[in-house]
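Student: Prediction below, plus the sequence it came from.
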Amino acid sequence: MTTTPATPPPPPTDTTNLPAEGGFIGSGQEGGIGDQVRAYFQRVRSGDMGALPAIGGLIVLVILFTILSQTMLGQQFFLTERNFANLLTQAASLVMLAMALVFVILLGEIDLSAGVTSGVALSAFVVLTKPDGPNMNWVLALVVALLVGVVIGAFIGFFVARVGIPSFVVTLGLFIGLQGVTLILLGAGGVFRIQIPEFLAIQNANLPIWGGWVMLAIILAVSFGMSLWDRALRTRAGVPNRTFALVIAKLAVIAVLGGFVVAVLSQNRSSSIKEIAGVPIVVPVVLLILWIGTFALDRTKFGRYIYAIGGNAEAARRSGIKVITIRWVAFIVCSVLAVVAGVFSASKVGSVNAGFGTDTVLSGVAAAVVGGVSLFGGRGRLMHAAIGALVIAVIANGLGLLNLPAGVNYIVTGGVLVLAATVDAVSRVRAGGSLTRT
Amino acid sequence: MADTPLIELTDIVKSFGPVSVLKGVNLKAFPGKVTALVGDNGAGKSTLIKGLAGVQPYDGGEVRFDGQAVHLHSPRDASALGIEVVYQDLALCDNLDIVQNMFLGREETAGLIFDEGQMEREASETLRSLSVRTVKSVRQKVSSLSGGQRQTVAIARSVLKKAKLVVLDEPTAALGVAQTEQVLNLVRRLADQGVAVIIISHNLQDVFKVADYINVLYLGTMVAAIPTAETTSDDVVGYITGSKTYDGVNV
């Protein structure tokens, strides 16, 4: 071993495998497709399963309900264009809520009041837009509703991050208290119908056919552009890039799956004369929030610090991270996104009552866990929570179509949750078993 | 002494309520040298280090860094000067990879977003400059690393931003024989690069293997500061337990 200079040499321009002086230190990006695929399976074997169990479960459930619908009802109700669109709009609110909760679950915290937060916000919305009341512009009222989310999130964040009360206790208190706020806002026994066409359109109207294809094209373009940008940065720094074939493969997968979804949704799914076709408007809204959230979690300091605090809060603090601020902001993000989930739900149902949002939050937590987000913090992605939410929505949708009693839905959902947690625990044990590998 | 010390603590005082933990402590550390800080539990080693890190500022006394009087009121003050502390309970996040851990709190960005390539290159260059051979990929999760590898990452993290003074708190406490050897070699290489190293250890064998100077704290007072070559393990044990007093001239 020769002595190594303290100041590193200028980066070489060649970005293929760099020889390392002190033994080879790779970056996991070397090699062709074969190496990358092997590395992926290695990660899965060592316990880093991500959303794989949830995706597997989703596929199994779809096949199961397709068969059951055919055999028990004698007709296919599950695997139809109409039910597919239905499923997406039914799932939208839960997907959103699960994604909202990810921001606090990653910190190892919980927000039990996420559902009722949306209840208060949507109550404010309907009261403000009441035609025989303040009759406020609905966009303005929506902004107010989101601000209600900001205020409630800041309130939780203050007590959790600044005062240091466990989030379980703070949000349990709010879960009870905010139901009272909703009751007072709406008045006893009130059911408020929403009659704003634009608001109802979020969940009940579709993009034009071409809109769906434009959406897919934008997704592909953004994905490709981000890959190129990443590669440019890596090349500039002189570190190896993954083989370009992987970029193409990823785009191909998005194009095929996305193309299939858009094509199915572009079919006329109406049972009457009036044609219904196109991607529901809520889909691009959810995708946009998913993309922005993932971008923030993966590529910005805010996101990185959330993972760091969830992994080891003391280490984060010693690294100079403002732990209190990050926690605080995470609760605000969670509450605001929970309000968005409430907006989807209210738009779907078309009304808000005093019980709005009281029964959704645990489904949201369950969705995140089923998707592979760890309740201990530091592990999981928005996409995982979204997939977990789809699993739970498919169960509710499929069992509902089979005309089974509602009780069965709860039992199956609970069973799937425990199953998902078991898969997670077992994979972790296996990961622990290979901990000493050097 | 020929060299000027990189850091010089004079008459450092610190108390917690009625309990006086540091009673006028002096300490010097020189660039390119390893200075060991030994002492029994409760002697005040951790308190002295936390003051250097800016985590718990001293109550009184003078801190001179490179000859300049400085004040260490927060971790940021310390890291701005180039003081890095590697704590005993390694301050690493298991769920992040090596690069992410090494850059935690000081990520390289290109605009708003991370410049992962830049970080990856600096991380592997730092590891290579310390002749680290045991790490397969800089994108490994820290949870998959062994104790020695973790210690390596923690130390590499401290020198990433060209630290001038690295303080290591019990770096070999939880390690096996081979891994201890690796880490001690790493400490030596660190000093050879011109960094001033302060190492806290209970293991006198390690101290004698790696340190150039030995400083002994006894109940909040620095009772000895001796070049390693001029003392023996038995003497140092005596100073630590208070059964012997050093009557030579402190460094």
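Tutor: Perfect, I can see it now.

Student: The residue nearest the centre of chain B and chain A, how far apart?
Tutor: The centroid of chain B falls nearest to residue B:167 when counting by CA atoms, centre = their mean (1.2 Å). Distance of residue B:167 to chain A, computed by CB to the nearest CB, to the nearest Å: 12 Å. The way it works is simple: take the backbone N, C-alpha and C, and place the C-beta from them, glycine included.

Student: Contact partners for that residue?
Tutor: B:49, B:52, B:53, B:83, B:84, B:85, B:86, B:197, B:198, B:199, B:200 (CB atoms under 8 Å, 6 or more residues apart in numbering or on different chains).

Student: do the same with residue B:95
Tutor: A:307, A:310, A:311, A:378, A:379, B:141, B:142, B:143.

Student: Can you tell me which of these lies closest to residue B:186?
Tutor: Checking these against residue B:186 by CB to CB gives residue B:142 as the nearest, at 16.9 Å.

Student: can you count the residues close to that closest one?
Tutor: Other residues near residue B:142 number 23, with proximity taken as other CB atoms under 10 Å in any protein chain shown.

Student: Do you know the pLDDT at it?
Tutor: Here, the pLDDT recorded for residue B:142 equals 89.

Student: Report the distance from stretch A:162-175 to the chain centre.
Tutor: With CA atoms, centre = their mean, to the nearest Å as the basis, stretch A:162-175 stands 23 Å off its chain's centre.

Student: residues in contact with it?
Tutor: Under CB under 8 Å, 6+ apart, the answer for stretch A:162-175 is A:104, A:109-117, A:152, A:155-156, A:159-160, A:324, A:328, A:331, A:361.

Student: Give the buried subset of these as a PyMOL selection command.
Tutor: Buried subset of the contacts of stretch A:162-175, written as a PyMOL selection, criterion 16 or more other CB atoms under 10 Å in any protein chain shown:
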select buried, chain A and resi 104+109+110+111+112+113+114+115+116+117+152+155+156+159+160+328+331+361
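
Student: So which of the contacts of stretch A:162-175 sit within helices?
Tutor: A:104, A:114, A:115, A:116, A:117, A:152, A:155, A:156, A:324, A:328, A:331, A:361 (DSSP state H).

Student: pLDDT score for the closest residue to the fourth one other than its chain neighbours?
Tutor: For residue A:116, the nearest residue in space outside its immediate sequence neighbours is residue A:178; the separation is 4.1 Å by CB to CB, 6 or more residues apart in numbering or on different chains. At residue A:178, the model reports a pLDDT of 96.

Student: Contacts only, for residue A:178.
Tutor: Contacts of residue A:178 (CB under 8 Å, 6+ apart): A:113, A:116, A:117, A:119, A:120, A:152.

Student: Residue B:239 is in contact with residue B:224, isn't it?
Tutor: Yes - the pair residue B:239 and residue B:224 passes the contact test of CB atoms under 8 Å, sitting 4.8 Å apart.

Student: Quick check: neighbours shared by those two?
Tutor: Joint contacts of residue B:239 and residue B:224 (CB under 8 Å, 6+ apart) are B:216, B:246.

Student: about what we covered before: so which of the contacts of residue B:167 wins on neighbours?
Tutor: residue B:197 (29 neighbours).

Student: now that one, what's its secondary structure?
Tutor: strand (DSSP: H, G, I helix; E, B strand; the rest coil).

Student: Now do the contacts for the closest residue to it other than its chain neighbours.
Tutor: Spatial nearest neighbour of residue B:197, chain neighbours left out: residue B:34 (4.6 Å); criterion: CB to CB, 6+ apart. By CB under 8 Å, 6+ apart, the contact set of residue B:34 is B:187, B:188, B:191, B:197, B:198, B:199, B:210, B:211, B:212, B:213.

Student: rerun that using 6 Å as the cut-off
Tutor: Residue B:34 makes contact with B:191, B:197, B:199, B:210, B:211, B:212, according to CB atoms under 6 Å, 6 or more residues apart in numbering or on different chains.

Student: how close does residue B:130 sit to residue B:155?
Tutor: 7 Å (CB to CB, to the nearest Å).

Student: For the two, indicate the residue with more neighbours.
Tutor: Taking other CB under 10 Å, residue B:130 and residue B:155 do not tie; residue B:155 has more neighbours (25 against 20).

Student: Sweet, I'm off.
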